[in-house]
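Peer 1: 3D model of this:
(chains A, B, C and D)
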2 protein chains.
Amino acid sequence: MLTQAAEDYLKSIYKLQEKGGKVSTGILAEYLDVKPASATGMIKKLKSMNLVSHERYQGVTLTDAGKVIALEVIRHHRLLELYLFKALGIPWDGVHEEAEKLEHVISEDVEARMDEFLGYPTADPHGSPIPDKNGVVPETVSMPMTSLQNGQSCVVAEVSDSDSALLRHLGSFNLYPGTAFQVIEVAPFEGPFTIDIAGQQAVIGREVAKNIFVSNVQET
Amino acid sequence: MLTQAAEDYLKSIYKLQEKGGKVSTGILAEYLDVKPASATGMIKKLKSMNLVSHERYQGVTLTDAGKVIALEVIRHHRLLELYLFKALGIPWDGVHEEAEKLEHVISEDVEARMDEFLGYPTADPHGSPIPDKNGVVPETVSMPMTSLQNGQSCVVAEVSDSDSALLRHLGSFNLYPGTAFQVIEVAPFEGPFTIDIAGQQAVIGREVAKNIFVSNVQET
DNA sequence: TATATAATTTAGGTAAGCCTAAAATAATTT
DNA sequence: AAATTATTTTAGGCTTACCTAAATTATATA
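Peer 2: Just a heads-up that it's a prediction; the model follows:
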């Protein structure tokens, strides 16, 4: 059994690996809000357990074994988020923080029962894919909202989950995954987006739009 | 915020205080499955935080502040047990272990929502009282099953929750809190109890009966 | 009362997981 | 190529919470 800190490192390495390519000690440390020296220490420990590969100054990579564990932790986290949201009615801007603590302590049995209760879901309340029991991540196709053009319509696929103030802001416009909207106007020079959500107009700034990913893009 | 270990010590001191009177270092250590020297260390730490009173060789006592925290932890634990049992269908012999880990990480918000979902319950699946938000413990009146006489009928009020094999055994007879039964015969010389549960006969050994507490005792 | 036994405490040690400060290495600029 | 800057690693420390072994203190027995 791994420690909580070790699980968090593996999860973070996985996520950083997904986005950019090379996961450096410094980037990992910043992401986890610890000092680079602490990250070095944990990387050495994880390497000794064959969960990561690492050459000094060359960044870390998950081994197959490490990836399995990272995906388990991510599955715990996302299933918990959805469960807290649907079964207990926790607002979507609060579930991340709760799940962060719970993901390390729930048993496989509890997880399986939540999974069943939820009907074997494939995405959490923010639209992030939930890996299945075997570590298979559902394919998702989405593009950043910032690449939309005037007149296009689409559906919210996923939003970034870590900033709860942002989530509350999006919630105030009903911008949840699954919500459809149409671009009325994209202001020039990297300006804000004016959109129509079920007949309601809203202005969404660039910085906010960067955190929104959409699918089903269509000309209208 | 207290550490998990500190919370466990406070909870254990409370429970031991309830049963017998004086809680010695040794008894506490045995209950928590640590060495007496370790218990001494934690007691010193808790004393420095004014959560317990302690004079060497005289045993520990919770202060008012310590009692508040102990009751909060116990409330978390018992609400979780009932929630896992009712909402997720975890068998009653499994909920204790799960709750033991979860009790230290759930937020007040999650607790409040579970409480609401459950309709503000007053007892966990083993019949133990659930303290309310203000730390008030519901009064319970029960007596050990071992004090029952031939022909008396009663209702199961509470069973000891820590031995899951015992719980499975009791479950096989339907001996849950709320279940009524009648004593057919008490074998002499500290012998077993033959009882009738909804028309079914069962033989319950002394050692098992010591873990069962009953109420509503009536002659028939 | 003296002695044996049991309970408790002190002293010193371990493993995680973080920290800071300094040294080593790599990358970038002049 | 040399010097500056940035990144990474080493070295040494701290806290929590456990441990063992030895010393203390209390209790029970002869």
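Peer 1: Not counting its own residues, what contacts stretch A:155-165?
Peer 2: Contact partners of stretch A:155-165, identified using C-beta atoms under 8 Å, 6 or more residues apart in numbering or on different chains, comprise A:81, A:93-94, A:96-97, A:123-124, A:126-128, A:140-142, A:166-167, A:170, A:175-181, A:211-216. Every residue, glycine included, has its C-beta placed from N, CA and C.
Peer 1: Cross-reference these with the helices and report the matches.
Peer 2: Assigned to helices by DSSP state H, the following of these qualify: A:81, A:96, A:97, A:166, A:167, A:170.
Peer 1: and of those residues, the nearest to residue B:9?
Peer 2: residue A:97 (26.7 Å; C-beta to C-beta).
Peer 1: got the contact list for that closest one?
Peer 2: residue A:164.
Peer 1: which one is residue A:154 nearest to, not counting chain neighbours?
Peer 2: residue A:214 (4.1 Å; C-beta to C-beta, 6 or more residues apart in numbering or on different chains).
Peer 1: Could you count how many residues lie near that neighbour?
Peer 2: By other C-beta atoms under 10 Å in any protein chain shown, 27 other residues sit near residue A:214.
Peer 1: Likewise for the one 3 residues further on?
Peer 2: Other residues lying near residue A:217 total 16 when counted by other C-beta under 10 Å.
Peer 1: Look up how far residue A:77 lies from the residue positioned nearest the centre of chain A.
Peer 2: Note on chain A: the residue nearest the mean C-alpha position is residue A:128, at 5.1 Å, using C-alpha atoms, centre = their mean. Counting by C-beta to C-beta, to the nearest Å, the gap from residue A:128 to residue A:77 is 9 Å.
Peer 1: circling back: touching, the residue nearest to the centre of chain A and residue A:82? I think so.
Peer 2: No - contact between residue A:128 and residue A:82 fails when scored by C-beta atoms under 8 Å: they sit 9.8 Å apart.
Peer 1: shared neighbours of those two, anything?
Peer 2: Between them, residue A:128 and residue A:82 share no contacting residue, judged by C-beta under 8 Å, 6+ apart.
Peer 1: Let me see the confidence value for residue A:61.
Peer 2: On pLDDT, residue A:61 comes in at 96.
Peer 1: And what about the closest residue to it other than its chain neighbours, helix, strand or coil?
Peer 2: Excluding its sequence neighbours, the residue lying closest to residue A:61 (C-beta to C-beta, 6+ apart) is residue A:53, at 4.7 Å. Under DSSP: H, G, I helix; E, B strand; the rest coil, residue A:53 falls in the strand class.
Peer 1: residues contacting residue A:53?
Peer 2: Counted by C-beta under 8 Å, 6+ apart, residue A:53 has contacts A:47, A:60, A:61, A:62, A:63.
Peer 1: wait, the third one sits on residue A:55?
Peer 2: No - applying C-beta under 8 Å as the test, residue A:61 and residue A:55 come out as separate, 9.6 Å apart.
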